[in-house]
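> okay, predicted coordinates and the sequence, questions at the end:
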Amino acid sequence: MEGEAKLLEEPPGFDHARIEKAVREILIGIGEDPDRDGLRETPARVARAYAEQFAGLRQTPEDALTTVFDADHEEMVLVKDIEVYSVCEHHLVPFHGVAHVGYTPNKKGQITGLSKLARLVDVYARRPQVQERLTSQVADALMSVLEPRGAIVVIEAEHLCMTMRGVRKPGAKTVTSAVRGDFRDHAETRAEAMSLILGRY
Ligand SMILES: Nc1nc2c(ncn2[C@@H]2O[C@H](COP(=O)(O)OP(=O)(O)OP(=O)(O)O)[C@@H](O)[C@H]2O)c(=O)[nH]1
Ligand SMILES: [Zn+2]
């Protein structure tokens with residue numbers, strides 16, 4: 001699948017004990033005392049938080065796009081401003097922003113539940129990511145599961161690794177897009193989607 005991350009064939013089950021052990025080591029590594037009151041439960045808390053933040057590693061797009069309806073609608077469907085939280089794979093710190101996800105139903109007029117598009121974003125956002133891959137994975141998954149005539153995904157995000165550390169440029173926004181099918185082939189369809197995304201309609 002285009003843009004698909006190279007993951008382990010079968011990602012192992014989530015290993016709480018291993019994460020707890022590693023977080024304890026990190027605390028020691030930064031010069032902290034992992035046995036002091038405030039930190040004693042931290043390794044277990046981090047493991048629970050990671051189980052949630054990285055739940056997408058154990059999910060497939062089919063888990064998200066569970067509902068497909070037949071509707072007499074072949075025009076564009078776009079859900080914009082879907083809040084997205086992910087974690088950059090370089091520094092394991094968050095990047096967050098909004099995703100806009102659209103598609104044009106196939107000739108059979110098959111559509112999916114609107115919430116399912118947001119769930120699909122989460123399947124890929126809840127993994128160590130780069131924004132570019134997240135964007136194309138959502139577009140490719142939509143194409144392969146729903147088989148629409150086209151798909152468009154635009155993500156606007158701020159990366160905390162550029163804000164709170166490193167180059168320290170708060171406010172810098174990264175915009176990525178992936179267009180498939182008729183959004184790639186027809187400039188007018190793409191322009192219509194972009195004007196809906198930008199609120200110029
Ligand atoms: N293309 C892309 N780059 C990203 C993303 N998230 C973080 N990065 C970048 O990944 C790069 C990693 O660069 P390195 O030079 O290996 O790491 P570093 O020394 O911590 O880099 P600085 O962040 O510049 O301090 C940085 O330029 C980050 O801004 C992303 O989603 N997409
Ligand atoms: Zn980063």
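In hand now; what should we look at? Ligands and ions are numbered 1, 2, ... in the order given.
> going by C-alpha atoms from here, please, whenever you check contacts or count neighbours.
Will do.
> any part of stretch 174-188 near ligand 2?
No - using C-alpha under 5 Å from the ion, stretch 174-188 stays clear of ligand 2, coming no nearer than 12.3 Å.
> just the C-alphas of that stretch, formatted as CSV.
What follows is stretch 174-188, C-alpha atoms only, in CSV (Å, rounded to 0.1, in the frame of the first residue of the first chain):
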residue,chain,number,x,y,z
THR,A,174,3.3,22.1,8.8
VAL,A,175,0.7,21.4,6.1
THR,A,176,0.6,18.1,4.2
SER,A,177,-1.8,16.8,1.7
ALA,A,178,-2.5,13.5,-0.1
VAL,A,179,-4.8,13.3,-3.1
ARG,A,180,-5.9,10.1,-4.7
GLY,A,181,-8.2,9.2,-7.6
ASP,A,182,-10.4,12.1,-9.0
PHE,A,183,-8.8,14.6,-6.6
ARG,A,184,-5.5,13.9,-8.2
ASP,A,185,-6.8,13.7,-11.7
HIS,A,186,-9.2,16.6,-11.8
ALA,A,187,-7.9,20.1,-10.8
GLU,A,188,-11.5,21.3,-10.4
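> how far does it sit from the chain's center?
On the basis of C-alpha atoms, centre = their mean, to the nearest Å, stretch 174-188 sits 18 Å off its chain's mean C-alpha point.
> mind checking how far the closest residue to ligand 1 within the chain is from ligand 2?
In the chain, the residue that lies nearest ligand 1 is residue 130 (3.2 Å; C-alpha to the nearest ligand atom). Distance, residue 130 to ligand 2, by C-alpha to the ion, to the nearest Å: 8 Å.
> and what of residue 97?
Distance, residue 97 to ligand 2, using C-alpha to the ion: 14 Å.
> doesn't residue 133 make contact with residue 177?
No - judged on C-alpha atoms under 8 Å, residue 177 makes no contact with residue 133 at a distance of 10.1 Å.
> which stretches in the protein count as helices?
All helices of the chain, identified by DSSP state H, fall at 16-29, 42-53, 61-64, 114-125, 131-146, 160-163, 182-185, 187-198.
> can you report how many residues lie near the residue of the chain closest to ligand 1?
When neighbours are defined as other C-alpha atoms under 10 Å, residue 130 has 17 of them.
> give me the pLDDT for it.
Model confidence at residue 130, given as pLDDT, is 98.
> understood, closing this out.
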